[in-house]
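Asks: Here is a sequence together with a model predicted from it:
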Amino acid sequence: MSQSRIAESLKVAPNERPDGEPVMTQYLFETSLLVHAATLTYVLGFAFRNQIVLRLLVLIGTVMYILYYYFHTATPLWDAIFGSVLIGIATTHGLVLLIYSRFPIGFSKTDREIFAKFDTLEPGQFRQLMKAGEMIFCSEPLEMTREGVRAEHLFFVLTGQIDIEKSGNHFKVSDHTFIGEIGFLLDRPASATASLPSGGSYIAWDREELQDLLERQPRLRQAFNALVTRDIAAKVSNSVQIFGVHIPGPPLGEIGPPSQDTLAA
């Protein structure tokens with residue numbers, strides 16, 4: 001049955017519903033809501049600093065635009081749909097990379113234990129750092145650094161107590177610590193001799209390769225330097241306890257009020 005006969009049987013105009021509202025006008029009004037909703041999700045997305053939320057909202061808006069281009073006109077706007085699909089693919093790709101870099105997806109139990117110690121790094125940065133290094137188990141004692149000699153590797157000891165010799169003093173340092181970090185940061189010879197007994201394990205990075213990686217990745221360099229700096233501060237604190245270092249100064253009762261010259265300065 002033709003549209004005219006249907007309209008005649010319903011006693012309405014061909015382009016009107018029984019309630020008197022034009023069918024095409026109703027249809028266009030409903031599909032136009034898609035473009036308004038898509039625009040709103042884009043605006044909301046760009047209002048967020050969180051990149052994951054931003055990309056999710058942009059992806060939702062892109063899907064709405066595709067639906068709008070398909071249903072709004074009698075013939076789908078294929079050029080606009082194709083462009084929106086490309087935007088959706090690029091947005092999805094970036095979203096997957098972001099999620100992979102922000103969350104410890106695929107980490108083994110060992111990776112998670114090490115990552116807990118490298119808490120200044122994001123999961124993606126941690127993956128880059130671990131890829132650049134090598135995890136090794138000691139089958140015999142290993143001298144990692146020698147005092148006054150430039151070390152070719154930076155170490156992070158996972159298990160085993162480290163024997164340290166510095167300026168004739170001997171002491172031990174527990175695991176989960178960097179070895180050779182001062183020489184690495186300052187690009188100078190090692191400040192102490194460090195040895196790891198057999199049975200221990202560690203991660204080793206080639207000095208030059210790690211420096212190249214950190215130069216290419218400024219955010220990784222910043223996070224890694226913060227991690228190493230904290231490790232150095234912990235060692236300084238422990239050395240004060242081990243050697244009983246005391247910084248001399250006048251007793252508190254002997255410190256008088258500032259002079260007029262000091263106040264004037």
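Replies: Yes, it's here. Numbering: from 1, shown residues only.
Asks: make it CA atoms for all contacts and neighbour counts henceforth
Replies: Will do.
Asks: which residues in the stretch 151-265 of the chain form helices?
Replies: Taking DSSP state H, counting those that start in this stretch as the test, the helices found in the stretch 151-265 of the chain are 181-186, 207-216, 218-243, 260-264.
Asks: Out of those, which is closest to L59?
Replies: Among the helices of the stretch 151-265 of the chain, helix 218-243 comes nearest to L59, with 26.8 Å by CA to CA.
Asks: In that closest one, which residues are buried?
Replies: For helix 218-243, burial by neighbour count (16 or more other CA atoms under 10 Å) applies to 220-221, 223-228, 231-232.
Asks: Equivalent analysis for stretch 195-211, please.
Replies: Buried, per 16+ other CA under 10 Å, within stretch 195-211: 195-197, 200-205, 207, 210.
Asks: which one of the residues you listed is nearest D187?
Replies: R207 (9.6 Å).
Asks: that older thread, want to throw the helices of the stretch 151-265 of the chain into a markdown table with distance to K117 and mean pLDDT?
Replies: Shown next, in a markdown table, are the helices of the stretch 151-265 of the chain (distance: least, CA to CA, whole Å; pLDDT from 0 to 100):
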| stretch | distance to K117 | mean pLDDT |
| --- | --- | --- |
| helix 181-186 | 16 | 90 |
| helix 207-216 | 19 | 95 |
| helix 218-243 | 9 | 82 |
| helix 260-264 | 46 | 41 |
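Asks: got those as JSON lines, with distance to I164 columns?
Replies: Converted to JSON lines, the helices of the stretch 151-265 of the chain look like this (distance: least, CA to CA, whole Å):
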{"stretch": "helix 181-186", "distance to I164": "14"}
{"stretch": "helix 207-216", "distance to I164": "21"}
{"stretch": "helix 218-243", "distance to I164": "11"}
{"stretch": "helix 260-264", "distance to I164": "45"}
